[in-house]
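Undergrad: Provided below for reference: sequence and predicted model.
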Amino acid sequence: EAQVTQNPRYLITVTGKKLTVTCSQNMNHEYMSWYRQDPGLGLRQIYYSMNVEVTDKGDVPEGYKVSRKEKRNFPLILESPSPNQTSLYFCASSLGVRGGQNSPLHFGNGTRLTVT
Amino acid sequence: AQSVSQHNHHVILSEAASLELGCNYSYGGTVNLFWYVQYPGQHLQLLLKYFSGDPLVKGIKGFEAEFIKSKFSFNLRKPSVQWSDTAEYFCAVISLTDSWGKLQFGAGTQVVVTP
């Protein structure tokens, strides 16, 4: 089954303790992206990747890191989490641009992170 | 700055009523437009998309949207809603000219359909 898998689904941690949220897709998609969803703000892009070893900042990259060493994986790293990073996080992937058009995103089920 | 605006944050309506959700964007140039839906406790799913051609696009579950280039709008409609349409709806825009790779979402509209 084609899917985007995020782990964990729920995570409670303390300020300053490094954490990684994993994201894996089995559709051979080139494009992957991380979003955070906050009430009243919709989804805001954190980082995205056009392909292996190609990543770029989205609208709210501060406090986050990503890597794209393999096509299928795109982990999100919080080196020193803070309470303002408490949010619902979604990973998404797509085929990227085909024929000059952007392929729709496939979303993971989300990771609800609480930083105390 | 480029932006995506959804006019209503919350909409409450009865079953069988018609629904229209507004979406405006400020991008110049060629854009791809999307509507996504998020049912309670679930991830986002694609409702419909516009790339080019006929400005009236039909999606899943009886939804449709109209692209009006002159108004920079992409409004979502459904003639008769059902209780199962209760969800949050997001408009999303990506410019092929200015910021390739950076899909931008609106703030979302929470729709509640009462029986």
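TA: Structure received.

Undergrad: I'd say residue A:2 and residue A:27 touch.
TA: Yes - look at residue A:2 against residue A:27 with C-beta atoms under 8 Å: they come within range, at 4.9 Å. The C-beta positions use only the backbone N, C-alpha and C, and glycine is treated the same way.

Undergrad: joint contacts of those two?
TA: Common neighbours of residue A:2 and residue A:27, using C-beta atoms under 8 Å, 6 or more residues apart in numbering or on different chains, are residue A:106.

Undergrad: of the two, who's got more company?
TA: Regarding residue A:2 and residue A:27, a neighbour count based on other C-beta atoms under 10 Å in any protein chain shown identifies residue A:27 as having more, with 14 against 10.

Undergrad: The more buried one falls within a helix, correct?
TA: No - secondary structure of residue A:27 (DSSP: H, G, I helix; E, B strand; the rest coil): coil, not part of a helix.

Undergrad: For chain B, see how far away it is.
TA: For residue A:27, the distance to chain B (C-beta to the nearest C-beta, to the nearest Å) stands at 14 Å.

Undergrad: Then residue A:41?
TA: Using C-beta to the nearest C-beta, we find residue A:41 at a distance of 6 Å from chain B.

Undergrad: which is the next helix or strand following the helix or strand of chain B with the lowest mean pLDDT?
TA: In chain B, the helix or strand scored least confidently by mean pLDDT, DSSP states H and E is strand B:104-105, which has a mean of 88. Going down the chain from strand B:104-105, the next helix or strand is strand B:109-114, by DSSP states H and E.

Undergrad: quick one: pLDDT of residue A:99?
TA: pLDDT, residue A:99: 65.

Undergrad: ok, now residue B:99?
TA: At residue B:99, the predicted lDDT confidence score is 54.

Undergrad: What of residue A:111?
TA: With respect to pLDDT, residue A:111 has a value of 96.

Undergrad: Please, which helix or strand holds the residue lying closest to it once chain neighbours are set aside?
TA: Excluding the flanking residues, the one nearest residue A:111 by C-beta to C-beta, 6 or more residues apart in numbering or on different chains is residue A:89, at 4.6 Å. Here residue A:89 sits within strand A:87-94, counting by DSSP H and E.

Undergrad: other SSEs contacting that strand?
TA: strand A:4-7, strand A:19-25, strand A:31-38, strand A:106-107, strand A:111-115 (3 or more C-beta pairs under 8 Å, 6 or more residues apart in numbering or on different chains; DSSP states H and E).

Undergrad: who touches the residue nearest to residue A:111 in this structure?
TA: Shown in contact with residue A:89 (C-beta under 8 Å, 6+ apart): A:6, A:21, A:34-37, A:46, A:76, A:110-113.
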